[in-house]
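Chemist: Could you work out the structure for the sequence below:
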Amino acid sequence: MLRIHFGPEDLARVRVARTPDPLWEIACSLHRLQTTRGRWAYADWYSETRATLAGGPLGRAVRRLLIPVLPRARYMPDFLTPPEAAGGLEDGFEAILDTPAERVTHEMRLLDRLSGAPGWAPRLSERAAREELVNVLRAYHEAIIAPYEDRILATITGERALCARETLDAGVGGLLSGLSPGIRWYPPVLHVDYVEDRDLYLGGRGLRLVPSYFCWHTPVSLADEALEPVLIYPVHGIRPSASARPADASLAALLGRTRATTLQALAPGATTSELAGFVGVSPATVTHHVTVLRDAGLVQSRRRENTVLHTLTPLGAAMLRRTPPVRPARAVGPQARPTPDTGP
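Modeler: Residues are numbered from 1 along each chain as shown. Presented below is the predicted three-dimensional model:
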């Protein structure tokens, strides 16, 4: 159990990552390759990744260099997931290369003691060795993560929309309470299912929340409590279809004024009730339209308690940019009254 202790200042400094963190996604995806847990949720990715890595130089480099220093274990080095990666993959790589040799040596010793390290690990204190490691990380990202970036971005975008709504509706406490089944908020302490038992005192630094596509069930944090506090947590239940483009039949089903209006209303995200009021149809009708949009790969939906939040996928957003504005229907009669969400 990880217990994260908040003070009054920390609650005002909770923030959610704007975009996927590429180095954390690399690390968590490598963890998916090291276990069968949750494999069903990444079945197509796992199958394609195994085929890409099998028997080739990248596969050998991943087994020799990446998995040994980013193990699915009690400990992995903090310097390989620097906060600078929030600004982009290359920023993260630069931070890895610029890590002081003393820190790398210290973390490699910790890795050896807590999880086991390869014999070549001490060489990472040398910049040339880290450059080799970064080259493999870059090649891995290009081959294994980049083809799924739209799917990952859609997942994190939907999570951010849901986090924003929960914060507006129930404050920071509501946000912390609804992050994941493995995370529970008992003010002023956030209880997190974790690989070890420890306490983290924020001390006014706040907490950066990083939703992750490849993180599965158990959240992850940094081992060094002196570093910027961060919590990587899994996002489940909004995995868009693996298909890069929707089927022709689904596209044909999208034609129509009501569906176009529904798509436009989803630009900032909306619940079933909100859509019904905006479009001027019953919740049952708007649920049907959202289902068609979701089957076409344009919308994703996520249920939390009694609310279903619908957001656009990258493909839906791209289609919306090509679509002229559609005036919403005038709400008339009892159909216009919002009702509790009962969407898909």
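
Chemist: and the longest helix for this structure?
Modeler: helix 149-177 (DSSP state H).

Chemist: can you pull the buried residues of that one?
Modeler: Within helix 149-177, the residues that count as buried by 16 or more other Cβ atoms under 10 Å are 150-163, 165-167, 172, 175-177. To be clear about C-beta, it is placed using only N, CA and C from the backbone, and glycine gets the same treatment.

Chemist: Same question for stretch 191-205.
Modeler: Buried, per 16+ other Cβ under 10 Å, within stretch 191-205: 192, 194, 200, 202.

Chemist: from those, which single one is nearest residue 15?
Modeler: Nearest to residue 15, judged by Cβ to Cβ, of the buried residues of stretch 191-205 is residue 202 at 12.6 Å.

Chemist: can you map out the helices along this structure?
Modeler: Going by DSSP H, the chain shows helices at 8-11, 22-33, 43-53, 57-61, 67-69, 89-97, 101-114, 127-140, 149-177, 248-253, 257-265, 272-279, 283-295, 314-321.

Chemist: Just send those helices back as JSON lines, with distance to residue 186 too.
Modeler: Shown next, in JSON lines, are those (distance: least, Cβ to Cβ, whole Å):
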{"stretch": "helix 8-11", "distance to residue 186": "14"}
{"stretch": "helix 22-33", "distance to residue 186": "26"}
{"stretch": "helix 43-53", "distance to residue 186": "35"}
{"stretch": "helix 57-61", "distance to residue 186": "44"}
{"stretch": "helix 67-69", "distance to residue 186": "35"}
{"stretch": "helix 89-97", "distance to residue 186": "34"}
{"stretch": "helix 101-114", "distance to residue 186": "28"}
{"stretch": "helix 127-140", "distance to residue 186": "38"}
{"stretch": "helix 149-177", "distance to residue 186": "9"}
{"stretch": "helix 248-253", "distance to residue 186": "45"}
{"stretch": "helix 257-265", "distance to residue 186": "37"}
{"stretch": "helix 272-279", "distance to residue 186": "31"}
{"stretch": "helix 283-295", "distance to residue 186": "35"}
{"stretch": "helix 314-321", "distance to residue 186": "37"}
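
Chemist: With mean pLDDT and distance to residue 301 as added columns, please give those helices in JSON lines.
Modeler: Formatted as JSON lines, the helices of the chain follow (pLDDT from 0 to 100; distance: least, Cβ to Cβ, whole Å):
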{"stretch": "helix 8-11", "mean pLDDT": "94", "distance to residue 301": "30"}
{"stretch": "helix 22-33", "mean pLDDT": "96", "distance to residue 301": "23"}
{"stretch": "helix 43-53", "mean pLDDT": "92", "distance to residue 301": "20"}
{"stretch": "helix 57-61", "mean pLDDT": "94", "distance to residue 301": "36"}
{"stretch": "helix 67-69", "mean pLDDT": "95", "distance to residue 301": "35"}
{"stretch": "helix 89-97", "mean pLDDT": "97", "distance to residue 301": "29"}
{"stretch": "helix 101-114", "mean pLDDT": "96", "distance to residue 301": "41"}
{"stretch": "helix 127-140", "mean pLDDT": "97", "distance to residue 301": "31"}
{"stretch": "helix 149-177", "mean pLDDT": "87", "distance to residue 301": "8"}
{"stretch": "helix 248-253", "mean pLDDT": "50", "distance to residue 301": "16"}
{"stretch": "helix 257-265", "mean pLDDT": "81", "distance to residue 301": "12"}
{"stretch": "helix 272-279", "mean pLDDT": "81", "distance to residue 301": "9"}
{"stretch": "helix 283-295", "mean pLDDT": "88", "distance to residue 301": "6"}
{"stretch": "helix 314-321", "mean pLDDT": "71", "distance to residue 301": "12"}
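
Chemist: ok, back up a step: Serialize the buried residues of stretch 191-205 to TSV and add fields for pLDDT.
Modeler: What follows is these, written out as TSV (pLDDT from 0 to 100):
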residue	pLDDT
192	95
194	91
200	96
202	97
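
Chemist: So which of these are in strands?
Modeler: 192, 200 (DSSP state E).

Chemist: The buried residues of stretch 191-205: which two are farthest apart?
Modeler: For these, and using Cβ to Cβ, no pair is farther apart than 194 and 202, which are 15.8 Å apart.

Chemist: about what we covered before: between the buried residues of stretch 191-205, which sits nearest residue 304?
Modeler: Using Cβ to Cβ, the buried residues of stretch 191-205 come closest to residue 304 at residue 192, 18.3 Å.
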